[in-house]
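Undergrad: Okay, structure incoming, though there's no sequence with it:
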């Protein structure tokens with residue numbers, strides 16, 4: 001069993017396409033469960049999610065990392081995969097994750113992203129981001145993992161304390177703790193469709209600057225409302 005945990009907040013316009021893509025995988029639906037952990041949405045996010053997910057509930061821990069941890073605590077699977085409500089999942093995503101954990105030494109698996117909004121600018125941004133992630137993995141200098149495309153061996157994930165509760169950088173920070181207990185692997189073919197709406201609406205440079213600002217200040221800077229900002 002693989003448990004897919006999805007944090008959500010006011011995602012009625014996008015969560016259905018995410019969940020539809022998750023229900024159209026190339027393995028049997030009985031081999032995985034879908035858990036949506038909602039941050040108290042004021043729209044129809046939870047009602048839409050209930051049509052597809054095995055369980056939908058309101059988070060009790062703060063921020064995105066806390067929502068993922070709440071989902072992990074509920075999960076029944078030996079493997080816990082995390083993604084986002086505005087992500088689009090290719091049909092072989094869960095089967096690739098399953099195959100990746102056939103190696104008993106692997107404790108974490110992550111992969112690159114492709115833009116949902118397929119402009120030339122977005123393609124270039126993510127080309128450089130994916131190249132950076134691959135080089136960082138090959139050199140062992142940085143494991144540039146993203147919460148929208150990561151999976152963990154549940155026992156080891158819980159052993160290291162799961163996600164740090166912060167506004168940004170929690171999805172990269174966890175990989176450094178996971179590699180202390182086993183093998184963390186980057187799969188170049190484990191793609192997901194990544195929404196660039198933050199960067200389109202607020203600007204790539206500004207969004208990247210805010211992300212680094214929060215990470216440098218310990219992941220909990222009040223200067224920017226990074227995780228619950230309202231999007232168009």
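TA: Structure received. Everything numeric here is computed off the predicted structure, so don't read it as measured data. Numbering: from 1, shown residues only.
Undergrad: Going by residue numbers, what spans are helices in this protein?
TA: Secondary structure of the chain (DSSP state H): helices at 15-23, 45-49, 63-74, 93-100, 120-139, 154-159, 170-178, 197-202, 204-216.
Undergrad: Identify whichever of those helices lies nearest to residue 189.
TA: helix 93-100 (6.7 Å; C-beta to C-beta). Placement of C-beta: from N, CA and C, glycine included.
Undergrad: what's in contact with that closest one?
TA: 2, 4, 22, 25-27, 31-32, 79, 81, 106, 109, 151, 185, 187, 189-192 (C-beta atoms under 8 Å, 6 or more residues apart in numbering).
Undergrad: returning to that earlier point: residue 146 is nearest to which of the helices of the chain?
TA: That would be helix 170-178 among the helices of the chain, by C-beta to C-beta, at 5.3 Å.
Undergrad: what does the closest one contact?
TA: So helix 170-178 is contacted by 63-65, 82, 107-108, 110, 142-148, 150, 152, 156-157, 160-164, 166, 184, 215, 219 (C-beta under 8 Å, 6+ apart).
Undergrad: Just the buried subset of those, please.
TA: 63-65, 82, 107-108, 110, 143-148, 150, 152, 156-157, 160, 162-164, 166, 184, 215, 219 (16 or more other C-beta atoms under 10 Å).
Undergrad: out of those residues, which are inside strands?
TA: 82, 107-108, 110, 150, 152, 184 (DSSP state E).
Undergrad: Relative to residue 11, how far out is residue 35?
TA: 15 Å (C-beta to C-beta, to the nearest Å).
Undergrad: brain fart, residue 80
TA: According to C-beta to C-beta, residue 80 and residue 11 sit 20 Å apart.
Undergrad: burial of residue 58, as a residue count?
TA: Using other C-beta atoms under 10 Å, residue 58 has 12 other residues around it.
Undergrad: check contacts around it.
TA: Neighbouring residues of residue 58 by C-beta under 8 Å, 6+ apart: 37-40, 46.
Undergrad: which one among the residues you listed gets closest to residue 56?
TA: residue 46 (5.4 Å).
Undergrad: List the contacts of the closest one.
TA: By C-beta under 8 Å, 6+ apart, the contact set of residue 46 is 8, 36, 38, 56, 58.
Undergrad: Quick one: neighbours of the first one, just the number.
TA: By that I understand residue 8. 28.
Undergrad: so what's it scoring on pLDDT?
TA: For residue 8, the pLDDT comes out at 95.
Undergrad: what sits opposite it in the beta ladder?
TA: Beta bridges link residue 8 to residue 38 when assigned by DSSP bridges.
Undergrad: mind listing what it touches?
TA: 15, 36-39, 41, 45-46, 49, 67, 85.
Undergrad: Swap in 6 Å and give it another go.
TA: Contacts were defined as C-beta atoms under 6 Å, 6 or more residues apart in numbering; by that measure residue 8 touches 15, 36, 38, 45, 85.
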